[in-house]
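**Q** fold the following, please.
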Amino acid sequence: MEDVVIKGLEKTFPGAEGREGNTVFRDVSLHVKKGEFVSLLGPSGCGKSTLLNIVAGLDQPSAGEVVAGHRNISGPGSDRGVVFQEAALMPWLNVKDNVMFGLRKRYTKQDASERAESYLKMVHLTRFKESYPHELSGGMKQRVAIARALAMNPHILLMDEPFGALDEQTRMMLHKEIDAIWRETKKTILFVTHNIREAILLSDRIVLMGTRPGGIRHIFDVPLERPRSLSSPELVALEEEIMGMLEKEIDKVMKEEMGDDYNAEENRVLSGDDRYMGGGI
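**A** Numbering: from 1, shown residues only. Reported below is the predicted structural model:
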């Protein structure tokens with residue numbers, strides 16, 4: 001397991017035909033300790049996924065650097081596993097073969113098979129190992145993607161809204177599974193989400209990002225015992241604190257876009273149950 005150290009990171013996408021570029025975020029610095037579960041939370045457009053892609057080595061920063069285990073990250077590596085919102089399984093392979101796909105280059109066929117079986121058992125999919133992706137539910141596909149990433153034994157697991165497209169019941173089930181997996185493996189996890197409760201349930205720390213341009217606005221510690229309950233007074237209090245800061249960021253964006261026509265109270269983006277589910281963010 002390794003620390004991830006982000007130093008003075010900036011990302012600007014160049015403008016077309018001489019137009020000014022779009023700076024997604026600037027001056028982002030963060031130290032994720034080995035074995036820590038850290039969530040990135042913030043409004044759409046603040047650069048959460050872009051930041052994760054840079055840590056994964058799938059994109060390059062405009063300035064700054066990312067260091068993992070004393071090595072500068074300049075591209076993808078076996079020390080990092082990535083789970084995206086879409087499971088991206090190979091439809092012509094069954095569940096076990098999807099998990100084994102990357103293992104074949106590193107292990108013997110027998111070792112790869114045993115390793116795949118082990119991680120499918122961890123995500124409770126052993127009896128579906130011969131099934132094909134089209135036969136699985138969305139939640140089951142994501143569990144296969146998680147098993148595939150873990151089977152490669154990365155030091156760092158990067159998760160980009162892996163449960164964002166799932167129904168609430170399935171999300172709750174997978175929250176319990178990923179929490180149990182993290183407590184068993186103690187992987188270093190960087191997790192992108194729009195869901196405040198999800199972030200509190202899973203994380204050691206929550207990094208709240210703002211926009212225009214993006215950057216870190218605040219880092220919340222989550223010193224709650226695991227497993228956590230949604231009805232915990234401490235969880236509810238932290239949820240309200242994060243919500244207050246998040247609403248200010250969203251109000252700022254809406255004010256810039258709508259000018260004097262925007263009224264924060266009349267146009268509240270997060271209201272009712274949506275505020276807890278990440279609606280409108």
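**Q** in stretch 119-134, which residues are buried?
**A** By neighbour count on 16 or more other C-beta atoms under 10 Å, the buried set for stretch 119-134 is 119-120, 122-123, 125, 128-129, 132-133. To be clear about C-beta, it is placed using only N, CA and C from the backbone, and glycine gets the same treatment.
**Q** again, but for stretch 8-28
**A** Residues 9-12, 23-26, 28 are the ones in stretch 8-28 that count as buried (16+ other C-beta under 10 Å).
**Q** ok, stretch 167-185 next?
**A** Residues 170-171, 173-175, 177-179, 181-182 are the ones in stretch 167-185 that count as buried (16+ other C-beta under 10 Å).
**Q** need those residues in CSV (columns: distance to Pro162, secondary structure and pLDDT).
**A** As requested, these are exported to CSV (distance: C-beta to C-beta, whole Å; DSSP: H, G, I helix; E, B strand; the rest coil; pLDDT from 0 to 100):
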residue, distance to Pro162, secondary structure, pLDDT
Thr170, 11, helix, 89
Arg171, 10, helix, 90
Met173, 13, helix, 90
Leu174, 8, helix, 91
His175, 11, helix, 93
Glu177, 11, helix, 92
Ile178, 8, helix, 93
Asp179, 13, helix, 94
Ile181, 12, helix, 92
Trp182, 13, helix, 94
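**Q** spatially, which two of those are the most separated?
**A** The most widely separated members of the buried residues of stretch 167-185, counting by C-beta to C-beta, are Thr170 and Trp182 (18.3 Å).
**Q** if I pick Lys33, what's in contact with it?
**A** Residues near Lys33 by C-beta atoms under 8 Å, 6 or more residues apart in numbering: 3, 188.
**Q** now do His31
**A** Contact analysis of His31 by C-beta under 8 Å, 6+ apart lists 3-6.
**Q** from the residues you listed, which single one is nearest Ser39?
**A** The nearest member of the contacts of His31 to Ser39, counting by C-beta to C-beta, is Val4 at 13.6 Å.
**Q** out of the contacts of His31, which are inside strands?
**A** Among the contacts of His31, the residues falling in strands (DSSP state E) are 4-6.
**Q** now render the residues you listed as CSV, adding distance to Val82 and pLDDT.
**A** Formatted as CSV, the ones in strands among the contacts of His31 follow (distance: C-beta to C-beta, whole Å; pLDDT from 0 to 100):
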residue, distance to Val82, pLDDT
Val4, 13, 96
Val5, 19, 97
Ile6, 16, 98
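**Q** tell me where the stretch 151-281 of the chain has strands.
**A** Listed from the start of the chain, the stretch 151-281 of the chain has strands (DSSP state E, counting those that start in this stretch) covering 156-160, 188-193, 205-210, 215-221.
**Q** format those strands as CSV; extra columns: distance to Phe101 and mean pLDDT.
**A** What follows is the strands of the stretch 151-281 of the chain, written out as CSV (distance: least, C-beta to C-beta, whole Å; pLDDT from 0 to 100):
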stretch, distance to Phe101, mean pLDDT
strand 156-160, 18, 96
strand 188-193, 22, 97
strand 205-210, 32, 96
strand 215-221, 36, 96
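**Q** distance to Gly102 and mean neighbour count added to those, as CSV?
**A** Below are the strands of the stretch 151-281 of the chain laid out as CSV (distance: least, C-beta to C-beta, whole Å; neighbours: other C-beta atoms under 10 Å):
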stretch, distance to Gly102, mean neighbour count
strand 156-160, 14, 24
strand 188-193, 19, 25
strand 205-210, 29, 22
strand 215-221, 33, 16
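**Q** between which two of the buried residues of stretch 119-134 is the distance greatest?
**A** Met122 and Tyr132 (20.7 Å).
**Q** contacting residues around Ala116?
**A** If a contact means C-beta under 8 Å, 6+ apart, then Ala116 has 96, 99-100, 103, 129, 147, 151 as its contacts.
**Q** look up the closest residue to it, ignoring the ones flanking it.
**A** What sits nearest to Ala116 in space, not counting adjacent residues and going by C-beta to C-beta, 6 or more residues apart in numbering, is Val99, at 4.1 Å.
**Q** next: Glu177.
**A** Distance criterion C-beta to C-beta, 6+ apart; nearest residue to Glu177, sequence neighbours excluded, is Val123 at 6.4 Å.
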